[in-house]
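> Fold the following, please.
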Amino acid sequence: MKKNIYIYLLLITLLLSSCWKQGDLSETWSGASDKKNFLIEVKKMWDLSQWAFLEKTWKISSTQEIKLASQASGRIAYIWVKEGDKVKSWQVILALKDNIVSYGLNLERAQNTLEKVQINYDSTQINLDKQIFDSEINLERLQNNLEALKKNTELDIQNAEDTIQDVNYWNLDSQSALQLQKIDNSITKAELDFQNKINADTETIEGFKTNLRNSYNSLQIFLDDTIEFGDKLFWVTNKYDDDAKKYESYLWWKDKNQKQTTEDNLRSLIQYRDGIFKKADFSDLSDEKILSLLNILNEWYELEKTYLNSFERTLTNSISSIWILSETEINAYVSTINAYQSQFQVNNASFLSFNNSASTFLRTYKASQESIAKQIDLLRQDRDIQKKTFESSQDKSQIGLDKITTSTSDAIKTFELQIKSARETLENAKKTKEVSLRALQNSINEAQIAYDSASKEYAKLTITAPIDGVIGDIFVDVWQDLAPWTPVVSILWNKKSEVEIAFKSDELSFISVWNKVNFDLSGREMTGSIYSITKVTDNSFNYKANVIFDTQLDTIGWVVSVKIPIKSSFSLLPLESVKIIGNNKWIISLYKDSKIQKQEIIFWKIYWNLVEYKKNIDGTALLKDDMIILNNVENFDEAKFNLKISN
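Below is the predicted model:
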């Protein structure tokens, strides 16, 4: 499969290098200059669609009988029709009991996961907004303190000049005595702020400890569950030898190396659990110990992610057996692994947010405390300087004034450093919010995809009539267990038009029974539905799907264009607007500030002439108003041409 992808990318590269549309040039005059216009075509990111279309062309035919088959595994609970009954389009024919694959349970789990990640998103957003708000308040407080210090400096200078006439601080009514008392009050206030800061930081650290212990306990349960689930199939610990050996020949049939890789990953995970993970010490948690434990949990996430992905690939490479390992059992194992992967994504996103906030706080809070302590120390130095100044003679009062100016300058520099640090903290909080919410949004998107998939699978438990007609034969009975693709009923109709379409194996993932399709018949737009898909290929190694029109046509034998809509999870870029530079890495041109700006991106999938845009290579994302250049601009020279957007 990877080899085919690389060949496909190479063909795209050759196509782009030979056929990429060149920017149009046209002459224009601008005063004494004769620069030519370099015409470009642009499209805003906001205007990009998430829909692609799989297009096929085939002839229209006609049939009088269609056979419906089951799309899911289950036991027939009800049959609502009998042979000879007339049925309407979308009328329910029979329903399956969800007793084998647990489609309903999978749907409920997917819905719960979606709700959890949405709640986690909202909760994280509230916490991050509070961090930003607190940072803004802190910055405003420091700025106000700085302005207050500057004003106080002017007052101190005036008071120092008055001190020449009033240097007797033993007189409680003198200006000198009032100045000393004012400094004492400032020291008291700063000491109170310092103690409040220590108390608040202590409470925050205790919260981190509680969260860390809870994360560890939760992950320990998840770790034990995934290890036990894998051990039952791969018997790494010999705990489940008798249960797992019977599956051995089927799990690695397509790729033995993949099975060995999964077993090695499971052994590494077990060694990690029984070693570093279980030996983690949560007593007397210091800052360094908390950071170390965070690193241990982060290492687990990497090991667990590798293990779950490898496990899924091993199951995909397995073959089924009627008596030993059925297709239904393989699908059930894959569903369980997918559920673990979804839960893992949720836990990982939450841990990343906690890890970032805890690590940042533990590395910076002592510096903040030291800054306040330095401020207190400076205030005490100011008091000593002021007192010595008052004790000096009138001739030395000018020297005391200079000392006040110097010490105040140091305090201003300290405040300016604090303000600079507070601004950086605020910016970091905003960036952290952006990154964290983007990661959580990705989790929501993945959970939504899983939910949509589960909903689609659950809907297969109900079989409906695709057209108006009469029930011919009923091939099944109530309480009969069905496997996918088992014929259940035939429907007779009056020569309604249909189209038989051929699909390659790699196109099957884009279609399913009852998919809506669009037709283009000589410019006439119509709609229809897929009512059957073959399970095996023909002599040309193609799968066949039958599509019926929603309206009756008298155009048998005409050629019609069929478009099957495909919804992407990402915005789709035109293939001609991108240029490949490496594995999964492309480059696009943006039109910003009347100039061309290159941007490296990471793509996800290719849909014929469209490319899924995932994110920028630096982790950022394109904005909705960013303008993407659609044609080649490699020959643009700013000294020779003027950029101009074509109409």
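> which residues does residue 126 contact?
With contact set as Cβ atoms under 8 Å, 6 or more residues apart in numbering, residue 126 has no partners. Every C-beta, even on glycine, is put in place using the N, C-alpha and C of the backbone.
> pLDDT score for it?
As predicted, residue 126 sits at a pLDDT of 92.
> Any stretches of the stretch 1-150 of the chain with poor pLDDT?
1-33, 58-64 (pLDDT under 70).
> 50 instead?
1-32 (pLDDT under 50).
> those strands in it, which residues are they?
24-27, 36-40, 42-44, 51-69, 74-79, 86-87, 92-97 (DSSP state E, counting those that start in this stretch).
> Turn those into JSON lines, columns for mean neighbour count and distance to residue 618.
Compiled in JSON lines, these are given as follows (neighbours: other Cβ atoms under 10 Å; distance: least, Cβ to Cβ, whole Å):
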{"stretch": "strand 24-27", "mean neighbour count": "11", "distance to residue 618": "32"}
{"stretch": "strand 36-40", "mean neighbour count": "18", "distance to residue 618": "24"}
{"stretch": "strand 42-44", "mean neighbour count": "16", "distance to residue 618": "21"}
{"stretch": "strand 51-69", "mean neighbour count": "16", "distance to residue 618": "27"}
{"stretch": "strand 74-79", "mean neighbour count": "16", "distance to residue 618": "48"}
{"stretch": "strand 86-87", "mean neighbour count": "16", "distance to residue 618": "57"}
{"stretch": "strand 92-97", "mean neighbour count": "18", "distance to residue 618": "49"}
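> Out of those, which is closest to residue 630?
Residue 630 lies closest to strand 42-44 among the strands of the stretch 1-150 of the chain, at 6.2 Å (Cβ to Cβ).
> Mind listing residues that contact the closest one?
By Cβ under 8 Å, 6+ apart, strand 42-44 touches 574, 577, 591, 624-630, 645.
> immediately after the lengthiest helix in the chain, which helix or strand?
Ranked by residue count and defined by DSSP state H, the top helix of the chain is helix 327-391. Elements were assigned by DSSP states H and E; along the chain past helix 327-391, the next helix or strand is helix 397-459.
> other SSEs contacting that next one?
Counting contacts by 3 or more Cβ pairs under 8 Å, 6 or more residues apart in numbering; DSSP states H and E, helix 397-459 is packed against helix 103-163, helix 327-391.
> could those helices go into TSV alongside distance to residue 171?
Output for the helices and strands packed on helix 397-459, formatted as TSV (distance: least, Cβ to Cβ, whole Å):
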stretch	distance to residue 171
helix 103-163	12
helix 327-391	11
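> Ok, which of the ones you listed comes nearest residue 524?
Closest among these, using Cβ to Cβ: helix 103-163, at 38.6 Å.
> so where is the stretch 251-400 of the chain shaky, pLDDT-wise?
Nowhere does the stretch 251-400 of the chain drop to pLDDT under 50.
> 90 instead?
Residue ranges of the stretch 251-400 of the chain with pLDDT under 90: 251-264, 266-304, 307, 310-334, 336-337, 340-341, 344, 346-373, 375-400.
> picking up where we left off before, could you point out which of the strands of the stretch 1-150 of the chain sits nearest residue 198?
strand 42-44 (51.5 Å).
> and the closest one, which strands flank it?
Sheet pairing for strand 42-44, assigned by DSSP bridges, gives strand 627-629 (antiparallel).
> Quick check: next helix or strand after the strand it pairs with?
Counting by DSSP H and E, what follows strand 627-629 is strand 641-645.
> report the angle between the axes of that following strand and strand 36-40?
40 degrees (axes from the mean of the first three to the mean of the last three Cα atoms, to 10 degrees).
> List the buried residues in strand 641-645.
Of the residues in strand 641-645, 641, 643-644 count as buried by neighbour count, 16 or more other Cβ atoms under 10 Å.
> Pick the one among those residues closest to residue 110.
Closest approach between these and residue 110, by Cβ to Cβ: residue 643, at 48.1 Å.
> Please report the number of neighbouring residues for the nearest residue in space to residue 198 that is not next to it in sequence.
Using Cβ to Cβ, 6 or more residues apart in numbering and skipping the chain neighbours, the partner closest in space to residue 198 is residue 369 (6.4 Å). A count of neighbours around residue 369, defined by other Cβ atoms under 10 Å, yields 14.
> Quick check: residue 369 touching residue 201?
Yes - counting by Cβ atoms under 8 Å, residue 201 is a contact partner of residue 369 at 6.9 Å.
> What count of nearby residues applies to residue 270?
18.
> helix or strand right after the strand or helix carrying it?
In the assignment (DSSP H and E), residue 270 maps to helix 256-272. Downstream of helix 256-272, the first helix or strand assigned by DSSP H and E is helix 287-316.
> Taking helix 256-272 as reference, get the angle to that following helix.
Relative orientation of helix 287-316 versus helix 256-272 (the same axes, to 10 degrees): 150 degrees.
> Give the buried residues for helix 287-316.
289-290, 293-294, 297, 300-301, 303-304, 306-308, 310-315.
> what does stretch 582-589 give?
Applying 16+ other Cβ under 10 Å to stretch 582-589 flags 586, 588-589 as buried.
> Quick one: mean pLDDT for that stretch?
Here stretch 582-589 scores 77 as its mean pLDDT.
> what about that stretch, distance to the chain center?
Offset of stretch 582-589 from its chain centre (Cα atoms, centre = their mean, to the nearest Å): 20 Å.
> CA atoms only for it, dumped as CSV, please.
What follows is stretch 582-589, C-alpha atoms only, in CSV (Å, rounded to 0.1, in the frame of the first residue of the first chain):
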residue,chain,number,x,y,z
GLY,A,582,8.8,15.9,0.7
ASN,A,583,6.9,13.0,2.4
ASN,A,584,3.4,14.5,3.3
LYS,A,585,4.9,18.0,2.9
TRP,A,586,3.7,20.5,0.3
ILE,A,587,4.2,24.2,-0.3
ILE,A,588,1.6,26.8,-1.3
SER,A,589,1.8,30.4,-2.3
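> Pull the contacting residues for residue 633.
23, 38, 40, 589, 596.
> Run a quick neighbour tally on the closest residue to residue 624 other than its chain neighbours.
Leaving aside its chain neighbours, residue 624 sits nearest to residue 46 (4.0 Å; criterion: Cβ to Cβ, 6+ apart). Applying other Cβ under 10 Å, we find 12 other residues in the vicinity of residue 46.
> number of nearby residues for the residue lying closest to residue 482 once chain neighbours are set aside?
In space, and not counting its chain neighbours, residue 482 is closest to residue 70: 4.6 Å by Cβ to Cβ, 6+ apart. By other Cβ under 10 Å, the residues close to residue 70 number 22.
> wait, residue 70 sits on residue 93?
No - using Cβ under 8 Å, residue 70 is not in contact with residue 93; the gap is 10.8 Å.
> Give me the common contacts of those two.
463, 488.
> who touches stretch 137-145?
Contacts to stretch 137-145, defined as Cβ under 8 Å, 6+ apart, come from residues 415, 418-419, 422-423, 425-426.
> And that stretch, what's buried?
For stretch 137-145, burial by neighbour count (16+ other Cβ under 10 Å) applies to 138-139, 142, 145.
> Equivalent analysis for stretch 204-217, please.
The neighbour-count check on stretch 204-217 (16+ other Cβ under 10 Å) flags 205, 208, 212, 215-216 as buried.
> next one: stretch 612-625
Quick answer for stretch 612-625 (16+ other Cβ under 10 Å): 612-615, 617, 621-622.
> Widest-spaced pair of those residues?
Applying Cβ to Cβ across the buried residues of stretch 612-625, the maximum distance is between 612 and 617, 14.8 Å.
> Alright, that wraps it up for me.
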